[in-house]
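**Student:** Whatever this is, show me its structure:
(2 chains)
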Amino acid sequence: MVLRIEDTDVERSEARFEDQLIADLKWFGLDWDEGPDVGGPYFPYRQSDRLKSYREHAERLLDEGKAYLCFCTEEDLQKERDQAMAEGGQAIYSGKCRVIDPAEAKRRRAAGDPCAIRLRIPEHPIRFHDIVHGDVEFSNEVVSDPIILRSSGMPVYNYVVVIDDALMKITHVIRGDDHLSNTPKQVALYEALGWPVPEFAHLSTILGSDRERLSKRHGATSIANFREMGVLPEALVNYLALLGWAPTGGTREIFSTEELVKEFSLKRVTPSPAVFDMEKLYWLNRHYIKERFGVDADRVLDPGTVSDEDLAVATGFAIDDVRRVRLLAEITAQSPAVQLLMLAFHHFTKAGYLSLEAMDRMTWLWLGNVVRLLAPYVDRLDQLPERTSLIFKYDAKAALAAPDNAEVLSWPNTDAIFAGFIFKILEDESAKAGNLAPERFKQIVNEVKAETGAKGKELFHPIRMVITGSHSGPDFDKLIPILEEGSHLQLPKRVLSVHGRVEQFAQARGSKN
RNA sequence: GGCGCUAUCGUCUAGGGGUUAGGACGGAAGAUUCUCAAUCUUCAAACCCGGGUUCGAUUCCCGGUAGCGCUACCA
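**Tutor:** Below is the predicted model:
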């Protein structure tokens, strides 16, 4: 595979785009054998560095009579086009300059007359084979003689790709089907140059939910967008493969990147356009999050296979930070989910809950438990801070005032449960020390249960409210240790222990009455 | 306007001259859990229209319609 930078449009190309592009592709899991960053036998790999070659080949076509000089101005052409369209005809170039004597044309050019170079389209239909569309034929009547070299001396995209693809020995041209109508021009170019035509595969357009071509307006469209949202690369790769392709049988949906390499086939790609479905992407993303951080995570990801360099690419961490993190947490040895953890960490820092400076070994291990507990509940990693707010944020007053909790507050046993539970926690020595064990917690709950006679929702909703401020949330068994451990850590945003929470709740409740 | 591409549940798709037209996302219902989520089970949901070919078309052919693309000295 070759990475080639196509930057012939000076206005739209900037050096920093190239760095971003390379970073994005690597994150996505793409790798190349040749490119501007790694070199290769057909150097250079940036079109702006290959201009000389394009001009030489254009001159050659000119000398061979396969191309000609065109002295028409842009205004002339525009007028011609408008007129042709108004008369209901083809909006193609009239061929006015086709008939100018080549020697005469060269004299005019030498005299400084601005001119472009146009390819002469042959007088026969243009046929080519496309892997997804089959045999395609265009009448030569409808393809205009294309400009290959602008009067400014800059070559045109449709021309340079042909030169580069041929020179770089590209075997398969795989691209969007918006290029299908451009392909006859390119095929004519290959023929004029006397070069073999590569295989084409024109993939269908991806549409937004309004059936319009996917654009910025639809939200995430670039790889960087998805990464920032906390979509895992394997989810995106898997989803994109499913857009227009299905395996024989059509029932399997989950494919690792390695499996796709083996099983994906262009021959089975559908030519019809597909609407991008975020929900399904999220479903896959949840799947891969769970796979990396679920019960089976250890089986799936071999920690030894992730190098520091790969990890840096995948997470956007500086390489030194990657090493520090691995060392600190002994994460290499203990958790195969480093990458997910570091990815998640990024979103916690953005939310102001954590900072790299404040991370020590205990904190990483603690964060691992937090993510393990909550990651299976999110569509994307950037939702993690919000999901985790019940750990980092606690506001008893807001909880008492929340409309969501009004129903719970109206239950007959609620007050008694509050009173009993608060009293017991405040008295408990282990809770005071921030070391309330889940077993002890259960005991207390059972005592409250016995005293009030409440059970089920009636019992747990009020208790949940006291501890998290909300009547729903994760398992107490797992949540309690996280709160207690978290309360001992030096974090930018302090985590309140169970005792601290109960204290605050009691206060808020007291001041209200 | 011209030319091209496309057409199966809301969405992604499998299939193919005779099928209960299959799967997945999403939706609905139920089970489970202290709750939410997750999970499991069940349900609803589709062959664009019109002609032709054929004993029989959703499938093959033609036409229409719609969507998209190209029609640049953009990529």
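**Student:** wait, isn't A:Gln20 in contact with A:Ala224?
**Tutor:** Yes - using CB atoms under 8 Å, A:Gln20 is in contact with A:Ala224, at 6.8 Å. Yep, even glycine has a C-beta here, placed from its N, CA and C like the rest.
**Student:** Contact residues of the stretch 51-200 of chain A facing RNA strand B?
**Tutor:** Counting by CB under 7 Å from any atom of the strand, the stretch 51-200 of chain A comes close to RNA strand B at A:70, A:72-74, A:77, A:81, A:84-85, A:88-93, A:114-116, A:133-134, A:136, A:138-139, A:142, A:144, A:147, A:150-152, A:154, A:156-158, A:177-182.
**Student:** Just those: which are in helices?
**Tutor:** Among those, the ones falling in helices (DSSP state H) are A:Glu74, A:Leu77, A:Arg81, A:Ala84, A:Met85, A:Tyr157, A:Asn158.
**Student:** how near is A:Tyr190 to RNA strand B?
**Tutor:** 16 Å (CB to the nearest atom of the strand, to the nearest Å).
**Student:** shouldn't that residue be in contact with A:Ile163?
**Tutor:** No - counting by CB under 8 Å, A:Tyr190 sits too far from A:Ile163 to count as a contact (9.9 Å).
**Student:** Could you pull out the buried residues of stretch A:262-271?
**Tutor:** For stretch A:262-271, the neighbour count (16 or more other CB atoms under 10 Å) marks A:Val269 as buried.
**Student:** Specify the local secondary structure of the spatially most central residue of chain A.
**Tutor:** Geometric centre of chain A, nearest residue: A:Phe226, 2.9 Å, by CA atoms, centre = their mean. In three-state terms, and counting by DSSP: H, G, I helix; E, B strand; the rest coil, A:Phe226 is helix.
**Student:** Might you report the residue contacts of it?
**Tutor:** With contacts defined as CB atoms under 8 Å, 6 or more residues apart in numbering, the neighbours of A:Phe226 are A:Ala220, A:Leu236.
**Student:** Can you tell me how far it is from A:Phe200?
**Tutor:** 28 Å (CB to CB, to the nearest Å).
**Student:** repeat for A:Ile206
**Tutor:** Distance of A:Ile206 to A:Phe200, given as CB to CB: 19 Å.
**Student:** now swap in A:Asp320 and tell me
**Tutor:** Taken as CB to CB, the span from A:Asp320 to A:Phe200 is 45 Å.
**Student:** Pick out whichever of the two has more residues nearby.
**Tutor:** Set A:Asp320 next to A:Phe200 and count neighbours by other CB atoms under 10 Å: A:Phe200 wins out with 21 against 10.
**Student:** Is the more buried one bridged to anything, and to what?
**Tutor:** Per DSSP bridges, the residues bridged to A:Phe200 are A:Asp130, A:Val173.
**Student:** List the buried residues for stretch A:195-203?
**Tutor:** By 16+ other CB under 10 Å, the buried positions in stretch A:195-203 come out as A:Val197, A:Pro198, A:Phe200, A:Ala201, A:His202, A:Leu203.
**Student:** ok, and the closest non-adjacent residue to the second one?
**Tutor:** Right, the one you point to is A:Pro198. Nearest residue to A:Pro198 in three dimensions, chain neighbours excluded: A:Val173, at 5.2 Å (CB to CB, 6 or more residues apart in numbering).
**Student:** what's the residue of the stretch 151-300 of chain A found nearest RNA strand B in contact with, if anything?
**Tutor:** Relative to RNA strand B, the nearest point of the stretch 151-300 of chain A is A:Gly250 (2.5 Å; CB to the nearest atom of the strand). Shown in contact with A:Gly250 (CB under 8 Å, 6+ apart): no residues.
**Student:** can you tell me which helix or strand it belongs to?
**Tutor:** For A:Gly250, there is no enclosing helix or strand under DSSP states H and E.
**Student:** now A:Tyr394
**Tutor:** A:Tyr394 belongs to no helix or strand when assigned by DSSP H and E.
**Student:** Alright, calling it a day.
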